[in-house]
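Peer 1: Coordinates only, no sequence provided:
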């Protein structure tokens, strides 16, 4: 995607030092999980809630989620900001960037707010649709949503932390593009004077050995990355980073995912020497032996041989890649409750405390 200009909008806040502060990012139209997560953490009117962008897109309830957030923000303690997916309104509807891109969202990607608007208005989008006319209709019929999104900041500044969707490259740049798009911000060499709290880049992509979807807190750089890969990674979760109070500066987190739970029958104690987690930017594989539900694959950059579910394999640019791949075996205890993510004849892929791995089926 070519870099475009979006004028930076900054919101400056002061906060009480004795209130609970919650950070959630990358809801991606998953209304059910978002509302359940708020209930799980007992969100209430005394809390301060920061939503770090990508409120919608990629989910099945994009408009419902957005309208719910609009309702929440009637409370003075809820502060959403703009993510790159939320910016679709201004890139592809208000300012038509590309008719081809618009139709790609509607006809190829799917799970888009564009599809939901068309469905609500009983409009069928085809490759021959008049995109300019459609955008004019959407802009008129959804003017209140567009006006609301136009108020969202790209950066929220407090005396104690800063919130952006993706990261900060140049603090003097008035273009908000990087704040919404920069990838792997945790790898920056910069040190900040107060915490920068971000989403956008699923944290599992920082993990080369153990597949963890949990928030990462870098106390040296003062960066906290919280995107749990909800609606992006096939086994992702929605994270809530919680600051007990500014007074304490004690962070912890809760999460939810969409998977069924099962109880573990026996304790495992696997040996995970030299385990691998295949990350998004290094996910090219070679299929050695394709079976009914999975394939024996070689990870090209590491040379490791591992099993990958066929549902997680895709073909792009003349090569095979995987959305997820690991040989990590999860340590579990008898009576643990785990999320069941996928299952083979002999092994199951499960998640415990935000960490994913295999366990033998005799244990579940």
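Peer 2: Thanks, I have it. Please read all numbers here as calculations on a predicted model, not as lab measurements.
Peer 1: Show the pLDDT at residue 309.
Peer 2: If you check residue 309, the pLDDT there is 96.
Peer 1: Am I right that it is in contact with residue 342?
Peer 2: Yes: here residue 309 reaches residue 342: they are 5.5 Å apart, a contact under Cβ atoms under 8 Å. (Each C-beta comes from the backbone N, C-alpha and C, glycine too.)
Peer 1: Find residues that contact each of the two.
Peer 2: residue 349 (Cβ atoms under 8 Å, 6 or more residues apart in numbering).
Peer 1: for the protein, what are the low-confidence residue spans?
Peer 2: Low-confidence segments of the chain (pLDDT under 70): 1.
Peer 1: can I assume residue 135 sits in a helix?
Peer 2: Yes: Residue 135 sits within a helix when classified using DSSP: H, G, I helix; E, B strand; the rest coil.
Peer 1: Could you list the domains of the protein?
Peer 2: The record's domain parsing of the chain by automatic domain parsing lists 10-86+152-256, 262-363.
Peer 1: Can you give me the end-to-end span of the shortest one?
Peer 2: With Cα to Cα, to the nearest Å applied, domain 262-363 spans 11 Å between its terminal residues.
Peer 1: So that it lines up with my notes, have the first residue be 506 from now on.
Peer 2: From this message on, residue numbering opens at 506, which makes the last subject domain 767-868.
Peer 1: Quick one: the strands in the stretch 506-655 of the chain, in order.
Peer 2: 515-517, 526-529, 553-556, 583-585 (DSSP state E, counting those that start in this stretch).
Peer 1: could I get those strands as CSV with mean neighbour count and distance to residue 660?
Peer 2: Putting those into CSV (neighbours: other Cβ atoms under 10 Å; distance: least, Cβ to Cβ, whole Å) gives the following:
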stretch, mean neighbour count, distance to residue 660
strand 515-517, 13, 5
strand 526-529, 24, 14
strand 553-556, 22, 12
strand 583-585, 22, 11
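Peer 1: Quick one: closest of these to residue 780.
Peer 2: strand 526-529 (29.5 Å; Cβ to Cβ).
Peer 1: who does that closest one pair up with?
Peer 2: strand 553-556 (parallel), strand 743-748 (antiparallel) (DSSP bridges).
Peer 1: Throw the ones you listed into CSV and include distance to residue 835, thanks.
Peer 2: Shown next, in CSV, are these (distance: least, Cβ to Cβ, whole Å):
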stretch, distance to residue 835
strand 553-556, 31
strand 743-748, 19
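Peer 1: quick one: which of the ones you listed is nearest residue 798?
Peer 2: Nearest to residue 798, of these and by Cβ to Cβ, is strand 743-748 at 27.1 Å.
Peer 1: Assess the claim that residue 771 and residue 868 are in contact.
Peer 2: Yes: under the contact definition of Cβ under 8 Å, residue 771 touches residue 868, with a separation of 4.8 Å.
Peer 1: Which of these two has more residues huddled nearby?
Peer 2: Ranked by neighbour count (other Cβ atoms under 10 Å), residue 771 and residue 868 place residue 868 first, with 18 against 13.
Peer 1: State the distance from the more buried one to residue 843.
Peer 2: Taking Cβ to Cβ, to the nearest Å as the measure, residue 868 and residue 843 are separated by 10 Å.
Peer 1: any residues in contact with both of those two?
Peer 2: 769, 837.
Peer 1: any chance you could map the helices in the stretch 506-655 of the chain?
Peer 2: For the stretch 506-655 of the chain, applying DSSP state H, counting those that start in this stretch gives helices covering 536-545, 567-577, 593, 604-608, 618-625, 636-646, 648-654.
Peer 1: got the contact list for the last one?
Peer 2: Which is helix 648-654. 568, 571, 572, 575, 587, 591, 594, 595, 598, 599, 644.
Peer 1: now do the second one
Peer 2: Helix 567-577 has contacts (Cβ under 8 Å, 6+ apart) with 532, 534-536, 539-540, 554, 556, 560-561, 564, 583, 585, 616-618, 621-622, 625, 650, 653.
Peer 1: Is there a quick ChimeraX command that grabs whichever of those are buried?
Peer 2: In ChimeraX, this line selects whichever of the contacts of helix 567-577 come out buried by 16 or more other Cβ atoms under 10 Å:
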select :532,534,535,536,539,540,554,556,560,561,564,583,585,616,617,618,621,622,650,653
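Peer 1: Return the backbone torsion pair for residue 742.
Peer 2: Dihedral pair for residue 742: phi -150, psi 160, per degrees, to the nearest 10.
Peer 1: tally of neighbours for it?
Peer 2: Residue 742 has 25 nearby residues by other Cβ under 10 Å.
Peer 1: could you list every residue that touches it?
Peer 2: With Cβ under 8 Å, 6+ apart, residue 742 has these contacts: 718, 733, 734, 735, 760, 761, 762, 856, 859.
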